[in-house]
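S.K.: return atomic coordinates for the entry below.
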Amino acid sequence: RLSNVLAGIGRGQMQVLDERVAARRAMFNFYVDLFQNVEGISLLSEPESYFSNRWLTTILVDPEKTNGITREDIRLHLEQDNIESRPLWKPMHMQPVFENARFYGSGICERLFENGLCLPSGSNLSDDDRNRIKAKLAEILPL
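M.R.: Here you go, the predicted model:
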């Protein structure tokens, strides 16, 4: 249950929801344009007839196509300029609390964790922020 205060805040946020979603989608499109000619970097596409809020923009890095540059290389390079990014979520079966639990899988989640990176994608990022992100990525990738 929400408190009255939290419910009021949530109700107020509904008034700007469309603007926030538009800003997140614009951020995603920024990355689509940025990486369009970079081999080995891919973004998740939106399934036909769906409308994603693009809450989080993630990329997959294929080191075999990026001259050995990994997801972790990119993350650490961004971190040098205090640009926050992070690996995709660690799969549940790899968490210590589940180390003795049975797991049924094919390795896809491990590959996503190893090669996936969450990029800055907030609805409050400015043009200056985008320029800074682009400049830093251009130091490590052929943009």
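S.K.: max-length helix in the chain?
M.R.: When the chain is parsed with DSSP state H, its longest helix is helix 17-35.
S.K.: helices or strands up against that one?
M.R.: Packing partners of helix 17-35 (3 or more CB pairs under 8 Å, 6 or more residues apart in numbering; DSSP states H and E): strand 41-43, strand 57-61, helix 127-138. No exception for glycine: its C-beta is placed from N, CA and C like everyone else's.
S.K.: 6 Å - rerun?
M.R.: For helix 17-35, not one helix or strand is in contact under the criterion 3 or more CB pairs under 6 Å, 6 or more residues apart in numbering; DSSP states H and E.
S.K.: give the helix, strand or coil label for Val5.
M.R.: Secondary structure assignment for Val5 (DSSP: H, G, I helix; E, B strand; the rest coil): helix.
S.K.: point out where this structure drops to low pLDDT.
M.R.: Residue ranges of the chain with pLDDT under 70: none are present.
S.K.: buried set for the longest helix of the chain?
M.R.: 21, 23-25, 27-28, 30-31, 34-35 (16 or more other CB atoms under 10 Å).
S.K.: next one: stretch 119-134
M.R.: 119-121, 123, 125, 130, 132-133.
S.K.: endpoints of that stretch, how far apart?
M.R.: Using CA to CA, to the nearest Å, the gap from the first to the last residue of stretch 119-134 comes to 11 Å.
S.K.: what's in contact with it?
M.R.: 20, 23-24, 27, 30, 56-57, 83, 85 (CB atoms under 6 Å, 6 or more residues apart in numbering).
S.K.: equivalent analysis for stretch 108-116, please.
M.R.: With contacts defined as CB under 6 Å, 6+ apart, stretch 108-116 is touched by 58, 60-61, 71, 88, 90-91.
S.K.: ok, so of the residues you listed, who is nearest His77?
M.R.: Nearest to His77 among those, counting by CB to CB, is Arg71 at 10.8 Å.
S.K.: from Ser42, how far out is that closest one?
M.R.: According to CB to CB, to the nearest Å, Arg71 and Ser42 sit 12 Å apart.
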